[in-house]
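Asker: quick one, fold the following:
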Amino acid sequence: MQPAEIVAKMMDKDAFSQWLGIQVDHVAPGECRLSLTLRSEMLNGFGIAHGAITYAIADSALAFASKSHGRQAVSIDTSINHIETVRESDVLIATAKEESLKNRFGFYTIEIRCGLTLVALFKGTVCRTEKKWGD
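Answerer: The predicted model follows:
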């Protein structure tokens, strides 16, 4: 299966990413770019985006990028740095980049931006299984 087919199949069953309103803007082997527009129900009591929202879009980007090679994978370690606040109606862009791909492990960096401003930086490690998409 091609990367776009894999991600489309994943998104079809991913109710959470659908609820977030995530749009898939680009997919290629080892990379992915997603976007979403922040809604009022994504804000915390201070009127800024809950940290879980930037984490969630980054986690989805990690999932899509790491599975784009055709093998199923699961995250085993993730971390995020929140750098700037974002507010309702802001558009977040999460860009996943594969830093290193091994037989069993993949290492990824995901930048979350609002316009040109870096608002969060996410790193993720996945364990790649032998199971292929479509099996």
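
Asker: please enumerate the helices of this structure.
Answerer: Counting by DSSP state H, the chain has helices at residues 3-13, 15-20, 51-67.

Asker: out of those helices, flag the one nearest Asp90.
Answerer: helix 51-67 (10.2 Å; CB to CB). (Glycine included, C-beta is placed from N, CA and C.)

Asker: quick check: angle from that closest one to helix 3-13?
Answerer: Going by axes from the mean of the first three to the mean of the last three CA atoms, to 10 degrees, helix 51-67 is angled at 140 degrees with respect to helix 3-13.

Asker: okay, the helices of the chain, which one's buried deepest?
Answerer: Most buried of the helices of the chain, by mean neighbour count (mean count of other CB atoms under 10 Å): helix 51-67, with a mean of 23.

Asker: export it as PDB, just CAs?
Answerer: Taking Å, rounded to 0.1, in the frame of the first residue of the first chain, the C-alpha atoms of helix 51-67 are listed here in PDB:
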ATOM      1  CA  GLY A  51      -1.800  21.200  26.000                       C
ATOM      2  CA  ALA A  52      -3.500  17.900  25.100                       C
ATOM      3  CA  ILE A  53      -4.500  19.400  21.800                       C
ATOM      4  CA  THR A  54      -1.000  20.100  20.500                       C
ATOM      5  CA  TYR A  55       0.000  16.700  21.900                       C
ATOM      6  CA  ALA A  56      -2.800  15.000  20.100                       C
ATOM      7  CA  ILE A  57      -2.100  16.500  16.700                       C
ATOM      8  CA  ALA A  58       1.600  15.600  17.100                       C
ATOM      9  CA  ASP A  59       0.700  12.000  18.200                       C
ATOM     10  CA  SER A  60      -1.400  11.600  15.100                       C
ATOM     11  CA  ALA A  61       1.400  12.900  12.900                       C
ATOM     12  CA  LEU A  62       3.800  10.400  14.500                       C
ATOM     13  CA  ALA A  63       1.300   7.600  13.900                       C
ATOM     14  CA  PHE A  64       0.800   8.400  10.300                       C
ATOM     15  CA  ALA A  65       4.500   9.100   9.500                       C
ATOM     16  CA  SER A  66       5.700   6.000  11.300                       C
ATOM     17  CA  LYS A  67       3.300   3.700   9.500                       C
END
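
Asker: this completes my enquiry, with thanks.
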